[in-house]
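*Asks:* Next one to model:
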Amino acid sequence: MKKTSIGVIGVFFVTFCFTVPSMYLHVQDAAGKEAVFMHRLLLAGWIFFILLSVCTESFSDMVVSQTVAFHFHPHPDLNQFLDMDFTQLTTPEAVIQKIGHAFSFFVLTYLLWKQWSRIKWASAGAFVFAVFTEIIQLFFSRNGCIRDVLIDSVGIALFLGLFVIAKRKKHEMYEKY
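*Replies:* Model (predicted):
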């Protein structure tokens, strides 16, 4: 089996494992089934996009030339995961890429919240997925590190903060009337 096939199968497997348990977390009436299906489909698609982005050899090649290539490395240097060097973020391209990290996990947290209806579960799930994606990058000749988990966590925290603010505003509005 080709290395590319193993990577694609792995991406599909993780997407399946992350979205199927959410199918059993709440029961919907007949009118809400279509919306629930669309949320699941959107969640699965977003997870697939993130996994494809982190496992492909070059994200810029994927975006610019629509080339997706995988290079599986079975014995990565796991010490790279402990990298906390923020000096790599001095170029505008690197900053834009890290904003993309935060945005991806902001959206993922929102989609998990819509699916699971629990903000704590959504935040924890997104964080676990952030750690997972950074570790898996090491196996695909990419640079996965704790620094990027922290940047992913900024997106999670941003959604969590906006959620709390919106909930307080909603509560204050109900108290007025």
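*Asks:* use CA for all of it now, contacts and neighbours both
*Replies:* OK.
*Asks:* Okay, buried residues for the one helix or strand Gly155 maps to please.
*Replies:* Secondary structure from DSSP states H and E places Gly155 in helix 146-176. By neighbour count on 16 or more other C-alpha atoms under 10 Å, the buried set for helix 146-176 is 146-160.
*Asks:* Equivalent analysis for stretch 130-144, please.
*Replies:* 130-131, 133-144.
*Asks:* Which residue ranges of this protein form strands?
*Replies:* Here the chain has no strands by DSSP state E.
*Asks:* Would you mind listing where it has pLDDT under the threshold?
*Replies:* 1-32 (pLDDT under 70).
*Asks:* need the helices for it, in chain order.
*Replies:* Secondary structure of the chain (DSSP state H): helices at 3-19, 33-55, 59-64, 92-116, 119-138, 146-176.
*Asks:* Please tell me I have it right and Phe103 contacts Ser153.
*Replies:* No: if you go by C-alpha atoms under 8 Å, Phe103 and Ser153 don't touch, sitting 10.0 Å apart.
*Asks:* overlap in contacts of those two?
*Replies:* Both Phe103 and Ser153 lack any common contact, where contact means C-alpha atoms under 8 Å, 6 or more residues apart in numbering.
*Asks:* Format the helices of the chain as TSV; extra columns: distance to Leu82.
*Replies:* Shown next, in TSV, are the helices of the chain (distance: least, C-alpha to C-alpha, whole Å):
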stretch	distance to Leu82
helix 3-19	23
helix 33-55	17
helix 59-64	22
helix 92-116	17
helix 119-138	10
helix 146-176	6
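*Asks:* Please name whichever of those is nearest to Phe81.
*Replies:* Closest approach to Phe81 among those is made by helix 146-176 (5.8 Å; C-alpha to C-alpha).
*Asks:* if we can go back for a sec, where does the helix holding Gly155 sit relative to the chain's centre, distance-wise?
*Replies:* 17 Å (C-alpha atoms, centre = their mean, to the nearest Å).
*Asks:* how about the helices of the chain, which one is nearest Pro74?
*Replies:* The stretch from the helices of the chain with the least distance to Pro74 (C-alpha to C-alpha) is helix 119-138; that distance is 9.1 Å.
*Asks:* That closest one - contacts with which helices or strands?
*Replies:* Helices and strands in packing contact with helix 119-138 are listed as helix 33-55, helix 92-116, helix 146-176; criterion 3 or more C-alpha pairs under 8 Å, 6 or more residues apart in numbering; DSSP states H and E.
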